[in-house]
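Trainee: for reference, the sequence and a predicted model appear below.
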Amino acid sequence: MQTREQQEAEFRAFTVAHRSALRRQAYLLCGDWFQADDLVQTALIRLFAAWKRVDPGGAPAYARRIVINVFFSHRRLAWVRRERASSETPPARPEAPPDDDGRLQEVIDALALLPQRQRATLVLRFCEDLSVEDTAAALGCSAGTVKSQTAKGLKRLREVLAPSALINLV
């Protein structure tokens, strides 16, 4: 049995190794780096609370599932859905990578138009490169649901995106 210090050290090592991938996943889900940071922080808090019960080999998949659940529950909160007025200008979007030429942002904007289940399915299938079965496990649904959500999401993206941007997604 591990001591609390050993568990904390193991969790810190996991966080250092996987935080950027979780942040990228959260960003692709929500389209906002600041919100992505909040989603990942909340997910890591929940993961730490369950850390002694988590199998280290399955921890990345478990963390990915928590990020998705936090994203879904965050979108259901009433205060998130309400518009808030402010006299301050929001911070500018982070700079795009130099080789991006705007297509990445175009894909992210198009993903934001999709229902959250379809968006999560496409992010897991094509950005995280998960299989249908692994995506189904991460979303807590059947493989058939993943397939139908993928087909519907890709159909909608084809309607919205220029062909060159869609090629970069898949």
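Mentor: Great, that's in hand. Numbering: from 1, shown residues only.

Trainee: from here on, just use CA atoms for contacts and neighbour counts.
Mentor: Noted.

Trainee: what does the pLDDT read for Ser73?
Mentor: pLDDT recorded at Ser73 is 90.

Trainee: show the subsequent helix or strand relative to the helix or strand of the chain with the lowest mean pLDDT.
Mentor: Least confident element among the helices and strands of the chain, by mean pLDDT, DSSP states H and E: helix 78-81 (a mean of 49). Where DSSP states H and E defines the elements, the next helix or strand beyond helix 78-81 is helix 103-112.

Trainee: any buried residues in that next one, and which?
Mentor: Within helix 103-112, the residues that qualify as buried are 103-104, 106-111, counting by 16 or more other Cα atoms under 10 Å.

Trainee: and stretch 41-52, by the same measure?
Mentor: 41-44, 47-48, 51-52.

Trainee: once you drop chain neighbours, what's closest to His18?
Mentor: Pro60 (7.3 Å; Cα to Cα, 6 or more residues apart in numbering).

Trainee: how near is Cys141 to Thr135?
Mentor: Look at Cys141 and Thr135: by Cα to Cα, to the nearest Å, they are 8 Å apart.

Trainee: compare the two and say which is more crowded by neighbours.
Mentor: The neighbour comparison of Cys141 against Thr135 (other Cα atoms under 10 Å) goes to Thr135, with 26 against 12.
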